[in-house]
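Trainee: Quick one, fold the following:
(4 chains)
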Number of protein chains: 4
Amino acid sequence: MDVIEPQVQPSAGGVTRVAVLGASGYAGGELVRLLASHPLLEVTFLGAKDSVGKRLAESHPHLASLPQASLELQPIDAEVIAGAADLVFSSLPNGASSAIVPALLDAGLRVIDLAGDFRLPAEAYPEWYGFTHPAPERLDKAVYGLPELFGARVAGAELIANPGCYPTPVILGIAPLLRAKLIEPAPVRVDGKTGLSGAGRSAAEASLFTSTEESVRPYRVPRHQHTPEMERGIDLATGRSVRVLFVPHLVPTVRGVVTTAYASLTEGVGTEALTACLRAAYDGRRFVRVLPAGGMVDSKRTRGTNVVELQAVADDRTGTAVVVGAVDNLVKGAAGQAIQNANLALGLDEATGLPTLAVYP
Amino acid sequence: MDVIEPQVQPSAGGVTRVAVLGASGYAGGELVRLLASHPLLEVTFLGAKDSVGKRLAESHPHLASLPQASLELQPIDAEVIAGAADLVFSSLPNGASSAIVPALLDAGLRVIDLAGDFRLPAEAYPEWYGFTHPAPERLDKAVYGLPELFGARVAGAELIANPGCYPTPVILGIAPLLRAKLIEPAPVRVDGKTGLSGAGRSAAEASLFTSTEESVRPYRVPRHQHTPEMERGIDLATGRSVRVLFVPHLVPTVRGVVTTAYASLTEGVGTEALTACLRAAYDGRRFVRVLPAGGMVDSKRTRGTNVVELQAVADDRTGTAVVVGAVDNLVKGAAGQAIQNANLALGLDEATGLPTLAVYP
Amino acid sequence: MDVIEPQVQPSAGGVTRVAVLGASGYAGGELVRLLASHPLLEVTFLGAKDSVGKRLAESHPHLASLPQASLELQPIDAEVIAGAADLVFSSLPNGASSAIVPALLDAGLRVIDLAGDFRLPAEAYPEWYGFTHPAPERLDKAVYGLPELFGARVAGAELIANPGCYPTPVILGIAPLLRAKLIEPAPVRVDGKTGLSGAGRSAAEASLFTSTEESVRPYRVPRHQHTPEMERGIDLATGRSVRVLFVPHLVPTVRGVVTTAYASLTEGVGTEALTACLRAAYDGRRFVRVLPAGGMVDSKRTRGTNVVELQAVADDRTGTAVVVGAVDNLVKGAAGQAIQNANLALGLDEATGLPTLAVYP
Amino acid sequence: MDVIEPQVQPSAGGVTRVAVLGASGYAGGELVRLLASHPLLEVTFLGAKDSVGKRLAESHPHLASLPQASLELQPIDAEVIAGAADLVFSSLPNGASSAIVPALLDAGLRVIDLAGDFRLPAEAYPEWYGFTHPAPERLDKAVYGLPELFGARVAGAELIANPGCYPTPVILGIAPLLRAKLIEPAPVRVDGKTGLSGAGRSAAEASLFTSTEESVRPYRVPRHQHTPEMERGIDLATGRSVRVLFVPHLVPTVRGVVTTAYASLTEGVGTEALTACLRAAYDGRRFVRVLPAGGMVDSKRTRGTNVVELQAVADDRTGTAVVVGAVDNLVKGAAGQAIQNANLALGLDEATGLPTLAVYP
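Mentor: A predicted model of the protein is given here:
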């Protein structure tokens, strides 16, 4: 498979100054939390759209003990950011990111974008995101930053499109099996379950505790914007084109995404072959945990960590490969993976500063 | 489709005395709770295996205000039960039920069995339930009690196999579409999500609050015992045989089952045709709520009620019909449906005594 | 004690038409849900402030199976309401209620107000509710509707101030003990725990699932508006004046209020005397469940019901009576108690149409 | 006040080998998780009572990525432990700890005991813990390890009694106010709320998800074993004796303890004086966060961290000081505080290896 091993280069030795845009949101807060443990990245700028003027500790009281607690959230101005930082994590909303990223790149900043704005070809945006892409000429330069599959491309990249929470476990689970021809290039149905932090920090009735406890709800069926991203990620990794149907569900957790993908099993393939393939694909990768048959993926074990749990089971009765994946949507599904990408882009060990031990129970 | 309308006969006017076996479990408690509002069924006997001698209010303190609160749980003896009751709801565990049901029938009792013991052909039990059926000669006499599809067969039946919680929404959603040829008789993949009451009342580490909050976990993949029941129910209703793959997941709710079935869409069929078919199939049925495209099934809205919510969406990109269903696993998925079956067996209006309004939020 | 037994008069036989104002909120929805089971009250008018024009089933999809599902929410106009209904349940917000109630009374309607607007003397409103009462002359006519203590006053009343969720278990627990001199008239400290439905249906960040799961938070310390209501209710029931300190906490449940009151124990009084006093006070009252020492109050057992659980324990080490109470804040703490008051006002059995069996687990 | 500042001595430079007893429990797992980030303590022995022979990763799958993942849990033998480790964290159950600690001490090991076995005078054990203390002669040597109050005594101690989860925030909140005479030495009523991890990992019906969701339950009223510990800790810190009444409640969270203490306010004292006193007492202490009036303590912000949040509010209406505290019961309330004590005992910076940033939301 097209798994390109990153060439880890020794760090220049110095600390890289980083800006976090969208700092008042959940992904922004998680970036700041995780970066606090990073020995070589230092948050020097916090940018926001709606919370300008607030201090970090007002916006995120759980970060009150940080040195940056009294840092004020600033308006987003590329030149100002370029004076304060070398690398930008943008966790601005979909659509807002692509409006500012070109200026950041032109100002010489390296950008890791957590929105969906640089993950797809330009023609996909009107249909799946509802906007016309404002900077289509930049899309070719963006590297899709799923480090376990595309790590070598990430090394040195100037613009990294950080994957979505749902696509991360799906692509990591499906790509090796398809590449190894253990599954057929037929449509894959993906059933997703997510916690409420995926819906963001904005107050909406559907996200209230009262609406969510004791509730399981499918949403945006069948037009969730992560659908084409899954298709493209699988294509990039395998050179084979498959259609994906994606049906996400809200479940009453805060963090955690579990994806259960149903793919067409190649005749004669069993669970052991699927498991062995995944193990071989991610041998030595510290953030991938492949469970044996009989194990039980559990999103709770990934909470607060950059770990993805994967498991594949063959069902010969229906000719199906069941490929289950779990991540913390705010870490491996967002902020943690972004830092992993930053590590690779800067030539550091990809695991620098990233947690693997869940706060459990 | 083979939807047989029940012939409602006027009740004999009197009250039917009922026994609840397995009264200390969750389904047993729910039977007693629901029967308290039933004008024509009266609980006169409570049977148990492990809690013999306890009073109802000790076993279920939330039922302390009932007239039966001080009724003692009795050992299960067919003759004694026959002296105290006319109809038996058995919510004994799988395997325990088939050990006693023949004696109950022989004693002249009508039996509604909530276990899986009379839902399948004899040869399926060793493989899917892990035991050899002790009374295979009774299996032919058992009616599979999914009232919206087999109501007429239920009327007057002596032994009713009450459907499982997961199969109920799956069969109700898939059968009409297959019958109408809107979906193909190809394998159906069913992704299930359940609350913890489905795991019963026994203490196990995996069911603790600490293990469950913030956790989504697939289990028994791909060998859950409801798999052949889904296949058989679809076959019974349509005369067409399809294979089912079933992958259940534990999510942190107490009640509620949501099933998301992925079936092969017949070419050219759209969401409107799917919706119209389900609407027509259940026109006038009080416990089925078919949601339009754009609606959002929500298990929370079924809580405490005998309602099933259904929704079907066509995805032409992948040729899939997504058929979502939600029930309260203890009501429409167990005790409520059992009472609905009892109503039909006794010639009453099927909705007698059964709630349709959820305690929401 | 001043427990006035209601004189139940035979109903006039007919059905009373009722209006529900604030029908789009949680208490409004709960009124409609509960009234659906009431044989002698019929909802004929739904009023709202912000959701005018919506149909009931749009506002409350869980009520879709009601005959009133397609009833439109109307603007609140006293004359129109008087043409459609005989009795009004107002679950408008604090402050909005007192702006309309005088007109409703003048139009000849009987009013049960679920807001705090008619529970206190006029001079308390600026301090505790932040507004000057617009109709102080009506306050004397309002009966404080805690039926187990003031049932006889409620019978026939034109304006009933329905108690708050927190004061209900506190007053019911403290009043009999104070009256019997088992506790001293010294300050009572009340520690409250509430679910999120008490915060209403409006979207606010503090009420999101993400903010609430794994969170216990005290709020409005020490100035919650239910403080003077507790003092006044105790005074009304006992003729003795005590000061109350009230410290409420948000806990991650949807429904349920538990109040733990710490009062000064009269010397020599033990747990048995406290328990016996509460039992005697509420002997025969169907909605009060007094737990023995060793029992464990559980808000979950009151969910969806009009039941209050009470328990009192003496601690001689510190001279404290611990008086615990639990209610479902939307039922006994709001809509259910309002219907209980309506029953009494109309001369019906107070329990008519009200549930006592929780949907458990 | 008797706050004794620890004299931080430079570490000997080497790594201290530590044993964790009770490694299969929640506190044991949390010790191992936290120690993984500690630069100077290394887990070299895992002991257990019931899970002997299991590997760490079997017992705690969330720790699968640790170097110690395949370490086997060993029987508890003092000599063997002395050969493998220099310092012991014992998270054995109450009663089991005191049976082994003397042998550990005699073998030259330094012991930090997380049970309640060395926190009280011998005569308290029969009444509050239900057993006669097997090693009363060791009780005098045990230092009560609440580092923010008794840090200097901890430095160099051989046997440290690690405080209970509830007493930690209570003593930290009450002691400075009593010492400063802002509150009177009258009985203090403490209302506690805890998550289910406090009930441990053993399966019991009361701890099931089904029993806990939507449930608030007081328990062990008024005889919880943390009562005398609160009294003793306050006495140790202030030289003044006060009686405590403690009423704990189970709330549906996994982690988090919130204690709300009601003390007698000295006349004339206001909220600002209370806040200033707490701020002065803990000035410069990295794990104590004193909230201003108007703030809102939130247990969720302490999750996974060694932080305690404190807030004090004066209510002159009732002469009460309301002192609220919150901790993560498994960290500052157990494993984190134990490591803080180990740091002090070994002459390290007390904060070494301990987290202050919550995984939020």
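Trainee: all contacts plus neighbour counts: C-alpha atoms, from now on.
Mentor: Noted.
Trainee: For the stretch 151-300 of chain A, which residues are neighbours of chain C?
Mentor: By the criterion of C-alpha under 8 Å from any C-alpha of the partner chain, the positions of the stretch 151-300 of chain A lying close to chain C are A:196-197, A:201-205, A:207-210, A:212-213, A:252, A:254.
Trainee: Now list the buried members of the residues you listed.
Mentor: A:196-197, A:201, A:203-205, A:207-210, A:212-213, A:252, A:254 (16 or more other C-alpha atoms under 10 Å in any protein chain shown).
Trainee: Rebuild those residues as a markdown table, extending it with secondary structure and pLDDT.
Mentor: Formatted as a markdown table, those follow (DSSP: H, G, I helix; E, B strand; the rest coil; pLDDT from 0 to 100):
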| residue | secondary structure | pLDDT |
| --- | --- | --- |
| A:196 | helix | 98 |
| A:197 | helix | 98 |
| A:201 | coil | 96 |
| A:203 | coil | 95 |
| A:204 | coil | 97 |
| A:205 | helix | 97 |
| A:207 | helix | 98 |
| A:208 | strand | 98 |
| A:209 | helix | 98 |
| A:210 | helix | 98 |
| A:212 | helix | 98 |
| A:213 | coil | 98 |
| A:252 | coil | 98 |
| A:254 | coil | 98 |
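Trainee: restrict the residues of the stretch 151-300 of chain A next to chain C to those near chain D?
Mentor: Restricting those to those near chain D by C-alpha under 8 Å from any C-alpha leaves A:197, A:254.
Trainee: Among the residues of the stretch 151-300 of chain A next to chain C, which one sits closest to residue B:28?
Mentor: Proximity of those to residue B:28, judged by C-alpha to C-alpha, is greatest for residue A:213, which lies at 24.4 Å.
Trainee: residues in contact with that closest one?
Mentor: Contact partners of residue A:213, counting by C-alpha atoms under 8 Å, 6 or more residues apart in numbering or on different chains, are A:252, B:253, B:300, C:209, C:254.
Trainee: how close does the last one get to residue C:218?
Mentor: Spelled out, it's residue C:254. Remark: distance between residue C:254 and residue C:218 (C-alpha to C-alpha, to the nearest Å) = 16 Å.
Trainee: Then residue A:327?
Mentor: Taking C-alpha to C-alpha, one finds residue A:327 at 32 Å from residue C:218.
Trainee: now do residue A:234
Mentor: As defined by C-alpha to C-alpha, residue A:234 lies at a distance of 49 Å from residue C:218.
Trainee: When these two are compared, which one has more neighbours?
Mentor: residue A:234 (27 against 22; other C-alpha atoms under 10 Å in any protein chain shown).
Trainee: Enumerate every residue touching that one.
Mentor: A:171, A:174, A:175, A:240, A:241, A:242.
Trainee: Need the pLDDT of it.
Mentor: Per-residue pLDDT puts residue A:234 at 98.
Trainee: what about the nearest residue to residue A:330 once chain neighbours are set aside, which SS state?
Mentor: The shortest distance from residue A:330 to any non-neighbouring residue, by C-alpha to C-alpha, 6 or more residues apart in numbering or on different chains, is to residue A:27 (5.9 Å). When classified by DSSP: H, G, I helix; E, B strand; the rest coil, residue A:27 comes out as helix.
Trainee: now residue A:62
Mentor: Residue A:62 ends up helix, using three-state DSSP.
Trainee: same thing with residue A:309?
Mentor: strand.
Trainee: That one: neighbouring residues, count only.
Mentor: Neighbours around residue A:309, by other C-alpha under 10 Å: 24.
Trainee: hang on, isn't it packed against residue A:295?
Mentor: No: applying C-alpha atoms under 8 Å as the test, residue A:309 and residue A:295 come out as separate, 10.6 Å apart.
Trainee: quick one, helices of the stretch 201-350 of chain A?
Mentor: Counting by DSSP state H, counting those that start in this stretch, the stretch 201-350 of chain A has helices at residues A:209-212, A:226-238, A:271-281, A:336-345.
Trainee: Please check the contacts of residue A:234 and keep the buried ones.
Mentor: Buried by 16+ other C-alpha under 10 Å: A:171, A:174, A:175, A:241, A:242, out of the contacts of residue A:234.
Trainee: between those residues, which is nearest chain D?
Mentor: Closest approach to chain D among these (C-alpha to the nearest C-alpha): residue A:171, at 22.5 Å.
Trainee: need the contact list for the closest one.
Mentor: With contacts defined as C-alpha under 8 Å, 6+ apart, residue A:171 is in contact with A:230, A:233, A:234.
Trainee: which of those lies closest to residue D:93?
Mentor: Distance to residue D:93 across those (C-alpha to C-alpha) is lowest for residue A:230, with 48.9 Å.
Trainee: and that closest one, what does it touch?
Mentor: A:167, A:170, A:171, A:244.
Trainee: Can you check what pLDDT the model gives the first one?
Mentor: This means residue A:167. Listed pLDDT for residue A:167 reads 98.
Trainee: Isn't residue A:135 up against residue A:98?
Mentor: Yes: between residue A:135 and residue A:98 a contact is recorded at 6.8 Å, counting by C-alpha under 8 Å.
Trainee: These two - which one has more neighbours?
Mentor: Just comparing residue A:135 and residue A:98: by other C-alpha under 10 Å the higher neighbour count belongs to residue A:98, 23 against 15.
Trainee: can I get the CA coordinates of the helix or strand hosting that one in PDB?
Mentor: Secondary structure assignment for residue A:98, by DSSP states H and E: helix A:97-106. Taking C-alpha atoms only, helix A:97-106 is exported to PDB below (Å, rounded to 0.1, in the frame of the first residue of the first chain):
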ATOM      1  CA  SER A  97     -11.100  29.000   7.100                       C
ATOM      2  CA  SER A  98     -10.700  29.300   3.300                       C
ATOM      3  CA  ALA A  99     -11.300  33.000   3.500                       C
ATOM      4  CA  ILE A 100      -8.200  33.600   5.600                       C
ATOM      5  CA  VAL A 101      -5.800  30.800   4.800                       C
ATOM      6  CA  PRO A 102      -4.500  32.200   1.500                       C
ATOM      7  CA  ALA A 103      -3.400  35.400   3.300                       C
ATOM      8  CA  LEU A 104      -1.700  33.400   6.000                       C
ATOM      9  CA  LEU A 105       0.200  31.300   3.400                       C
ATOM     10  CA  ASP A 106       1.200  34.500   1.600                       C
END
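Trainee: So which residues on chain A come close to chain B?
Mentor: Residues of chain A lying close to chain B (C-alpha under 8 Å from any C-alpha) are A:187, A:189, A:191, A:193, A:210-211, A:213-222, A:243-245, A:251-256, A:258, A:260, A:262, A:294, A:296-300, A:313, A:315, A:317-318, A:320, A:361.
Trainee: Please indicate which of those are buried?
Mentor: Listed as buried from the residues of chain A next to chain B are A:187, A:189, A:191, A:193, A:210-211, A:213-219, A:221-222, A:243-245, A:251-256, A:258, A:260, A:262, A:296-300, A:313, A:315, A:318, A:320, A:361; burial here means 16+ other C-alpha under 10 Å.
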